[in-house]
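Q: Please find the sequence and the predicted model below.
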Amino acid sequence: MSGASTSGSGASGGNSSGPRRYRDVRAIPVGAPPEAVWRAVLDQVEVLGRPSWYVWLIGCRDRRAEGPRPLRPGSVVPGFRVTAADPPARLVLDGVHRFSVYTLTFLLLPDDDGGTRLEAHTDATFPGVLGAVYRLLVIDSGIHKIATRSIVTRVRRRTGPATG
């Protein structure tokens, strides 16, 4: 079971002529402490930019892995720039490409059983006609939900079974 999830969309800032905002949360219980989950999240983020041809195709601003490791503000993985890192609680990744401006935030919340609730929050806008087409292909089709569910599930597999 992948845990709770929510999603929604609406006009950005209440302006119906602005780009539509997409928000989604994928959440999953993990039977490991936040420190272990943090390491697994960092490992998964390092592979987010693969395949590299895709980040070139959509024109990502950040196309090459650069900067400090382990990941912290200023680090880059293809498609994302780390803008905040508060180990082992929060990792914020921002990205820009031809069709979207987006943020992916991982929250690691300790639970009462010694495990962690892992949440992946997406916040994105899709400006212009091409952005709307991209949203249709990636968001409305469900591909993005499958991808983020896959990320959190891989983290859980690497660190331990669900708690609770």
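A: Good, I have the coordinates.

Q: Only C-alpha atoms from now on, for both contacts and neighbour counts.
A: Fine.

Q: For the protein, which segments are assigned as helices?
A: Ranges of helices within the chain are 34-46, 52-57, 128-135, 143-159, based on DSSP state H.

Q: Between those, which one is closest to Arg21.
A: Arg21 sits nearest to helix 128-135 of all the helices of the chain, at 10.0 Å, using C-alpha to C-alpha.

Q: If I take that closest one and helix 143-159, what angle do their directions form?
A: Helix 128-135 and helix 143-159 are oriented at 50 degrees to each other (axes from the mean of the first three to the mean of the last three C-alpha atoms, to 10 degrees).

Q: So what touches helix 128-135?
A: Under the contact criterion C-alpha atoms under 8 Å, 6 or more residues apart in numbering, helix 128-135 has outside partners 19, 98-100, 126.

Q: As CSV, those with distance to Val155 would be great.
A: Shown next, in CSV, are the contacts of helix 128-135 (distance: C-alpha to C-alpha, whole Å):
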residue, distance to Val155
Pro19, 32
Arg98, 29
Phe99, 28
Ser100, 26
Phe126, 28
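
Q: pLDDT below threshold where in this structure?
A: Residue ranges of the chain with pLDDT under 70: 1-19, 49, 51, 161-164.
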